[in-house]
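Peer 1: quick one, what's the 3D model for this:
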Amino acid sequence: MDIATTVDSRPTLTLQQATKLVLQLYGVKVMEISTLPSYIDQNFLVVDKEGTKNVLKIVNSEESKNTILLEVQTLAMYLLCQYGVPAQTVLPTTTGQLMSMEEIDCGHGAQIYCVRLLTYLPGKTIAESPVTLQDLYYFGKMAATIDNTLQQLVSPNLDVLQKEDAPWSLLNIHLLEDYLSVIDGDPLQEVVKAVIEQYKSSVQPKINSFRKGIIHGDLNDRNIIVTPLGNGHHEVSGILDFSLLSNDCYVCEVAIEIMYLMLEHPSPLDVGGAVLAGWESIMVLSEYERDSLFLLVLGRFCQSLVYGRYNVQKYPDNKKYLMTTAKSGTRLLNKLWELGKEEVEKKWFHDASTYSGKL
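Peer 2: Numbering: from 1, shown residues only. You can find the predicted model right below:
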């Protein structure tokens with residue numbers, strides 16, 4: 001996904017336009033409709049006369065151009081459902097299509113958008129839920145289970161998941177250098193620059209040794225839905241948003257999940273060990289992968305903070321969602337940088353080693 005082009009392609013349908021679209025494409029008369037948060041796509045919660053809930057997803061016009069990639073994402077969602085992972089599935093139109101390319105004018109000229117109707121998954125996001133350390137262990141285990149299952153994805157088009165220049169890939173932290181002007185004058189800029197330099201010197205030389213495969217790529221605290229269990233713990237009831245599905249390094253998936261799950265947790269430094277232990281109950285990281293984890297986590301903080309600030313300039317109306325990470329992310333990035341790699345890793349790895357005896 002190219003940051004510079006995608007930000008000009010966000011759909012902004014009205015509730016009336018979305019209601020009409022659901023009836024036209026799916027033959028469903030909408031009784032209730034409301035907007036759901038999204039980064040650069042547009043999501044609506046729709047309820048029909050039977051009370052059935054579904055999610056109407058309008059993909060931004062830039063990514064809508066890559067129909068083959070969208071088809072592979074849909075295939076991945078179906079595969080995971082077959083193996084018991086609670087991913088959304090796509091509902092067919094009245095003519096049997098899993099996605100429909102629609103020319104829509106959102107008030108700034110007609111553009112082609114991919115329209116899909118997805119199953120609704122009940123529960124709340126992790127960001128809204130008081131999750132326990134044991135929950136975090138199982139979230140890490142779920143992440144590894146997802147990526148392990150995705151190894152079985154079969155399609156002649158898997159090459160579309162090779163995204164060497166993708167700005168959001170943790171292998172491309174250095175691309176942030178082109179966007180640093182958005183934090184000119186902010187002390188955060190010096191930390192981001194330092195993280196980039198350490199990434200280039202300490203992580204890039206090891207990348208060829210990292211194991212790669214198809215990863216979800218965005219297991220953040222708003223893309224994992226959970227429901228409470230009777231004992232104060234939670235179970236995963238939904239995995240959302242496969243737009244960053246890619247062929248990438250498995251250690252990047254761990255780092256992404258750790259970073260986002262720290263944001264709302266009352267004891268953020270406890271998150272890394274729990275998630276890592278859960279992940280390694282399925283897939284053990286190599287010495288090089290473990291040695292890069294700290295900087296990859298910091299790299300994701302930097303990406304989210306910098307790209308979020310950049311996108312706010314383009315879409316000030318979506319500032320609240322785009323700046324979600326900034327609320328506690330800036331503080332956490334500074335805290336981790338201040339503590340340093342050795343101290344943070346020592347805690348994460350020690351905590352991870354204790355979980356096998358507890359669970």
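Peer 1: could you use CA atoms for every contact and neighbour count after this?
Peer 2: Fine.
Peer 1: and the pLDDT at T325?
Peer 2: The model reports T325 with a pLDDT of 69.
Peer 1: spatially central, which residue of the chain would that be?
Peer 2: By CA atoms, centre = their mean, the chain has its centre lying nearest to D218, at 2.1 Å.
Peer 1: list the contacts for it?
Peer 2: Applying CA atoms under 8 Å, 6 or more residues apart in numbering, we find D218 in contact with D241, F242, L244, L245, E253, I256, E257.
Peer 1: so which of those residues belong to helices?
Peer 2: Among the contacts of D218, DSSP state H puts E253, I256, E257 in helices.
Peer 1: now the residues you listed as CSV including distance to K29?
Peer 2: What follows is the ones in helices among the contacts of D218, written out as CSV (distance: CA to CA, whole Å):
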residue, distance to K29
E253, 39
I256, 39
E257, 38
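Peer 1: related to what we said a few turns ago, my read is the residue nearest to the centre of the chain is in a helix, agree?
Peer 2: No - with DSSP: H, G, I helix; E, B strand; the rest coil as the criterion, D218 is coil rather than part of a helix.
Peer 1: phi and psi next, for it.
Peer 2: phi -150, psi 50 (degrees, to the nearest 10).
Peer 1: about what we covered before: what's the closest of the ones in helices among the contacts of D218 to Q73?
Peer 2: Nearest to Q73, judged by CA to CA, of the ones in helices among the contacts of D218 is E253 at 16.7 Å.
Peer 1: and stretch 99-115, what's its mean pLDDT?
Peer 2: The model assigns stretch 99-115 a mean pLDDT of 91.
Peer 1: list the buried residues for stretch 70-77?
Peer 2: By neighbour count on 16 or more other CA atoms under 10 Å, the buried set for stretch 70-77 is L70, V72, Q73, T74, L75, A76, M77.
Peer 1: tell me which element the third one falls in.
Peer 2: Taking DSSP states H and E as the definition, one finds Q73 inside helix 67-82.
Peer 1: tell me the first helix or strand C-terminal of that helix.
Peer 2: With elements assigned by DSSP H and E, the helix or strand that comes after helix 67-82 is strand 90-91.
Peer 1: where's that following strand relative to the chain centroid, distance-wise?
Peer 2: Distance of strand 90-91 from its chain centroid, counting by CA atoms, centre = their mean, to the nearest Å, is 20 Å.
Peer 1: show the average pLDDT along that strand.
Peer 2: pLDDT averaged over strand 90-91 gives 96.
Peer 1: for the stretch 151-300 of the chain, which segments count as helices?
Peer 2: For the stretch 151-300 of the chain, the helices defined by DSSP state H, counting those that start in this stretch occupy 188-198, 250-262, 271-280, 287-314.
Peer 1: as TSV, those with mean pLDDT and distance to D135 would be great.
Peer 2: Output for the helices of the stretch 151-300 of the chain, formatted as TSV (pLDDT from 0 to 100; distance: least, CA to CA, whole Å):
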stretch	mean pLDDT	distance to D135
helix 188-198	97	30
helix 250-262	97	11
helix 271-280	97	9
helix 287-314	93	20
